[in-house]
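S.K.: With the input below, show me the fold.
(2 chains)
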There are 2 protein chains.
Amino acid sequence: MMDVKSHVQQLGRQARAAARLLARADTAAKNRALSAMAAEMRKHSKEILDANAADVAHARGEGRDSAFVDRLTLTPKLVEQMAQGVEQVAALEDPVGRISDRVKRPTGIEVARMRVPLGVIGIIYESRPNVTADAAALCLKSGNACILRGGSESLQSNRAIAACVRAGLEQAGLPETAVQLVDTAERAAVGELITMTEHVDIIVPRGGKELIERLQRESRIPMIKHLDGVCHVYVDDSADPDMAVSIADNAKTQRYGTCNTMETLLVAEGIASKVLPRIGDIFKTKNVEMRADDAALEYVSGKKATESDYYTDWLAPIVSIRVVKGLDEAIEHIAKYGSQHTDAIVAGDRARAERFLREVDSSSVMWNASTRFADGFEYGLGAEVGISTDKLHARGPVGLDGLTTQKFVVLGHGEIRK
Amino acid sequence: MMDVKSHVQQLGRQARAAARLLARADTAAKNRALSAMAAEMRKHSKEILDANAADVAHARGEGRDSAFVDRLTLTPKLVEQMAQGVEQVAALEDPVGRISDRVKRPTGIEVARMRVPLGVIGIIYESRPNVTADAAALCLKSGNACILRGGSESLQSNRAIAACVRAGLEQAGLPETAVQLVDTAERAAVGELITMTEHVDIIVPRGGKELIERLQRESRIPMIKHLDGVCHVYVDDSADPDMAVSIADNAKTQRYGTCNTMETLLVAEGIASKVLPRIGDIFKTKNVEMRADDAALEYVSGKKATESDYYTDWLAPIVSIRVVKGLDEAIEHIAKYGSQHTDAIVAGDRARAERFLREVDSSSVMWNASTRFADGFEYGLGAEVGISTDKLHARGPVGLDGLTTQKFVVLGHGEIRK
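M.R.: Numbering: from 1, shown residues only, chains lettered A, B, ... in the order given. I've put the predicted structure just below:
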């Protein structure tokens, strides 16, 4: 135990020191490091894949299920995508030092805001090794040092990727301790990382609900996180039926395991007979299990939905369906059962859509678009370190801006306060 | 104890319900409520002053010191200022619903951000009754419900002010539960307020270090806060000596008890002989005790500074003084001893000033201006609910924007994700 504690504490001290150097690193140096990292990943693709094969063999030996092994497994194509992802971050605008909201005050001083890094970011993730490259790139570009703690099952893969990251930093003359891997599979390392308030400014957890709930209970450091993605599509009776069917289908079935997938479909009673039979047929064809209320069961075949179904983030080919009177009941339902992640209205009526957009208190609200668009790339943030359903600081997909903060800058000419 | 718990829980439930109504209240209604509140305060000035006189008599009876009684005491002029403050908030632009960062994406969707309230804000403050009016006004204008917990010594005054606030809300057709007072002097009420995660979104503590430290240990709700204001003025050897003397004087002596008052003066050795004797004379005349290092003691008269002096937020006519080699040592000193509140450089050299502004990691950094300017009114935010030295969400003086968050809004035309 003491070894783990001192290992993580040392990473923390080194990260804090590196963060001060990174905060003042210029954009060119950061971009050089990112390009070099990508080149190293391509050059050492074989080492990364060999290390990953060892992780995969070990996971299979431990009896991990195929979904787990899928998430863990890298391929030459995925390594190339990782390298390209790092290069894409290099191409993003550097947020650090950006000045905004400059105003001249009657006293003569000028007040502005300057975007600056947060400091040290701890990232805790599970089995996907590509997070190592993505997170390192985003933290570096935003001027933050980071400490990465991947799943113990992907430790060999993460070590191989982290070696490329370090080589890239070194080639650009930046401190290698800017990106550090917690190099132990011991679980106690996480406990240390999330309570090391003097060395870590923010924790970004990426993983399942069990992980997030544990961190929420135990972390003494603020987190950027989302717990559940109970996302809704509400079909208003002013909706175009074809559009409603297309969006409901896409929001549920384009991918089942993602946080922005629709879990509950709400349909206004005035349009239920037009859209529910068609949606029900599509779901049936795609083997999506339907849990519906009595009114919906008149149009679709499925089980009767229970109260707890409406709270459930299925992450599976299951959908809850409910018929509501109209907009007000839909907004009430979302306020009660939703997780403030992403909710969409399909409607032709602008006034109702605007009420939905304004009154639904979620990190993303959408009008006539699929909830699956809630994503950093799709929003044009370039990349994301995760999606936040918290209200403070960063809400929704978190890109480079979410990894920075703003300080006030005052430019004077000797002004004093009267 | 159970009574206190159920009282506070009930306030929480009511606040949550009120917050949903307030979030959709239009600007005109909020402004009508603010104007009516100000009118009620003027109309009931006598009741407010009588209630305050009872609080003051009680505090004197309890043997409270004169500084405490000063903070507690209202006058007809202060009541008028309170009313004017509320009217000034009415005149500020409403942040709620403001759309920004609108971009069209290649997929056809438009992505934008909409400013929305945080929800329910708990404000915990000590003896100044005017906070009741200020905080209520800022929370209301930003669309948030609030629960106010003032010091037990000002309970009568707070009740009288809160009655005016409620009357104003009622006249504007807004829920009276939008602003609620914790109507008990029991200390357990604070414990309940700061752990009621389901009903309160953010806690804003306004008070001394002891209060903040307690809340920091016990709160389970995120806070907007500052703990210390160990602010520095660094006089570079490129400074104009007259300006340096004027700013050092103002930053220390304009008011001693405020968080943005200078606590430590750092002077580059190259200019020490020009500025320190003059500054030392001023401080001596104003009875400011000097705690200085050996190099500074060659120019000023005072005690030898100890290591712990440099960490101290004096909040009193005491100042620490240190001679440094130059910019790098000043930045190092501030990183080690500072509290990331407000720090200023006096310099003629632009490159050095820019390094200071960029590298000093504080909520406000200033060039050639007094630290005393770190204030919501001075920055043009209109008013402030406090100053934050946290890095997440709101940093520096917190005005209406700091009491809101942004959600993503997606406008589509039936787009689905490929």
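S.K.: so where's the longest strand in chain A?
M.R.: If each strand of chain A is counted by residues according to DSSP state E, the longest one is strand A:404-415.
S.K.: Note down every partner strand of that strand and its orientation.
M.R.: strand A:110-117 (antiparallel), strand B:364-369 (parallel) (DSSP bridges).
S.K.: what comes up buried for the lengthiest helix in chain A?
M.R.: Assignment by DSSP state H gives helix A:2-23 as the longest helix of chain A. The neighbour-count check on helix A:2-23 (16 or more other Cβ atoms under 10 Å in any protein chain shown) flags A:4, A:7-8, A:11-12, A:14-20, A:22-23 as buried. Yep, even glycine has a C-beta here, placed from its N, CA and C like the rest.
S.K.: Secondary structure of A:Cys146: a strand, I assume?
M.R.: Yes: assigned with DSSP: H, G, I helix; E, B strand; the rest coil, A:Cys146 falls within a strand.
S.K.: Quick one: neighbours of it, just the number.
M.R.: Using other Cβ atoms under 10 Å in any protein chain shown, the number of residues around A:Cys146 comes to 28.
S.K.: where's it relative to A:Arg206, distance?
M.R.: 13 Å (Cβ to Cβ, to the nearest Å).
S.K.: Then A:Ile161?
M.R.: Applying Cβ to Cβ to A:Ile161 and A:Arg206 gives a distance of 15 Å.
S.K.: Which one's more surrounded, these two?
M.R.: A:Ile161 (31 against 21).
S.K.: quick revisit: would you turn the strands paired with strand A:404-415 into TSV with distance to B:Ala172?
M.R.: Below are the strands paired with strand A:404-415 laid out as TSV (distance: least, Cβ to Cβ, whole Å):
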stretch	distance to B:Ala172
strand A:110-117	32
strand B:364-369	35
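S.K.: Out of those, which one sits most buried?
M.R.: With neighbours taken as mean count of other Cβ atoms under 10 Å in any protein chain shown, these reach their highest mean count in strand B:364-369, at a mean of 27.
S.K.: Now do it, average pLDDT.
M.R.: The pLDDT scores in strand B:364-369 average 98.
S.K.: how close does A:Leu400 get to chain B?
M.R.: Using Cβ to the nearest Cβ, to the nearest Å, A:Leu400 is found at 13 Å from chain B.
S.K.: how about the helices of the stretch 251-400 of chain A, start to end?
M.R.: With helices called from DSSP state H, counting those that start in this stretch, the stretch 251-400 of chain A shows them at A:269-285, A:294-297, A:327-337, A:350-359, A:376-379.
S.K.: of all the ones you listed, which lies closest to B:Gly191?
M.R.: Nearest to B:Gly191, of all the helices of the stretch 251-400 of chain A, is helix A:327-337, at 28.0 Å by Cβ to Cβ.
S.K.: and that closest one, what does it pack onto?
M.R.: Here helix A:327-337 touches strand A:231-235, strand A:262-268, strand A:318-324, strand A:342-346, helix A:350-359, going by 3 or more Cβ pairs under 8 Å, 6 or more residues apart in numbering or on different chains; DSSP states H and E.
S.K.: and the last one, which residues are buried?
M.R.: Along helix A:350-359, these residues count as buried under the neighbour rule (16+ other Cβ under 10 Å): A:Arg352, A:Ala353, A:Arg355, A:Phe356, A:Leu357, A:Arg358, A:Glu359.
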